[in-house]
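[1] Below: sequence and its predicted model.
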Amino acid sequence: MKPLTRRAVHLGAVLALVLLGALPGTLSAQSEVVGRWEGALETPQGNLTVVFEIAETDDGLVTTMYSPDQSPNAIPTASTTFDDGTLTVEVPAIQGGYEGTLNDDGGIDGTWSQGGGSLPLRIEKVEG
């Protein structure tokens, strides 16, 4: 086995620094949405509070949803992603989903879709 040249060691060190530098940025982008988010769906029957509790795990983001005006029970979600400032939460248990964009004011403006219909939904971080 040949000994490493100075250039190979230097190149390896630079690559390690680049990779390590990229990781915190990736994690912090995900961390922006970690926490408790709340908003109100304006329906013809009245406002319904929507709560997303978003956590970061080794496998990515995980969301627990609540609709406390309807039930105290958690609503399971299938997947949560946050890419390029867009949050997407899939909720197949109720044939629903949310997609919204993080704004400069820290809120997320988006659309709640369920069973073929959709309504605007702004959520704001209340914890985390």
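    Everything's here; your move. Numbers count the residues shown, from 1 in each chain.
[2] how about the helices of this protein, start to end?
    Applying DSSP state H to the chain gives helices spanning 6-31.
[3] By mean pLDDT, flag the weakest helix or strand of it.
    Among the helical and strand segments of the chain, the one scoring lowest on mean pLDDT, DSSP states H and E is helix 6-31, with a mean of 46.
[4] now the strands: where do they sit in the protein?
    Listed from the start of the chain, the chain has strands (DSSP state E) covering 35-43, 46-57, 60-67, 71-76, 79-83, 86-91, 96-102, 108-114, 117-127.
[5] Any chance of these in TSV with mean neighbour count as columns?
    The way it works is simple: take the backbone N, C-alpha and C, and place the C-beta from them, glycine included. Shown next, in TSV, are these (neighbours: other C-beta atoms under 10 Å):
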stretch	mean neighbour count
strand 35-43	17
strand 46-57	16
strand 60-67	18
strand 71-76	12
strand 79-83	16
strand 86-91	19
strand 96-102	19
strand 108-114	18
strand 117-127	14
